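Chemist: sequence first, then the predicted structure:
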Amino acid sequence: MSPLNLPAYDTRIQNIDGKCSIFDILRRKYVTLTPEEWVRQHFIHFLIKHKHYPSTLLANEVALQVGTKQLRADSVLYDQLLRPRMIIEYKAPNVEITQKVFDQIAAYNLLLHVDYLIVSNGITHYICKVDYENRSYSFLKDIPAYQDL
């Protein structure tokens, strides 16, 4: 897999039914290793180990429904009362982060109304803080530590 702009961690990779799989610590199971999954697992470990996000408040592949349409947010951070606080959208390292990606995460936020949106392809990371009162958002220079949210 491609090197990322994220700290390395001790990955658990296995061949299961002829497919390369990586262990997802949040779902507690092996999942098919795709370039996007490679980014997700590194990013989640980064949040937990380096930014001190509680793993118990993070979830991967969160199902959302808009009318009859089923959507899936890549990762969601919740607060202590299990209210969504952050949505994270991942792309493979070779996928450029475009307006379409931001439109995708914005659509998820119409349902969840979180304070923070993150988009990452493992190389480039964008984070913005949403200001609902002023109907605006601002991009942050760095991903905040959990205690600073």
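Modeler: Good, I have the coordinates.
Chemist: can you give me the strands for the chain?
Modeler: For the chain, the strands defined by DSSP state E occupy 13-16, 19-24, 29-32, 58-66, 69-78, 84-90, 116-120, 125-131, 136-140.
Chemist: mean pLDDT and distance to residue 40 for these - can I get that in TSV?
Modeler: Every residue, glycine included, has its C-beta placed from N, CA and C. As requested, these are arranged in TSV below (pLDDT from 0 to 100; distance: least, CB to CB, whole Å):
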stretch	mean pLDDT	distance to residue 40
strand 13-16	93	14
strand 19-24	96	8
strand 29-32	96	9
strand 58-66	91	7
strand 69-78	93	6
strand 84-90	97	5
strand 116-120	97	9
strand 125-131	96	13
strand 136-140	94	20
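Chemist: quick one: pLDDT of the closest residue to residue 80 other than its chain neighbours?
Modeler: Of all residues not flanking residue 80 in the chain, residue 57 sits nearest, at 7.4 Å (CB to CB, 6 or more residues apart in numbering). pLDDT recorded at residue 57 is 98.
Chemist: what's the answer for residue 107, then?
Modeler: With respect to pLDDT, residue 107 scores 87.
Chemist: what sits against it?
Modeler: 66, 71 (CB atoms under 8 Å, 6 or more residues apart in numbering).
Chemist: before we move on, what about residue 117?
Modeler: Residue 117 makes contact with 86, 87, 89, 105, 106, 109, 127, 128, 130, 137, according to CB under 8 Å, 6+ apart.
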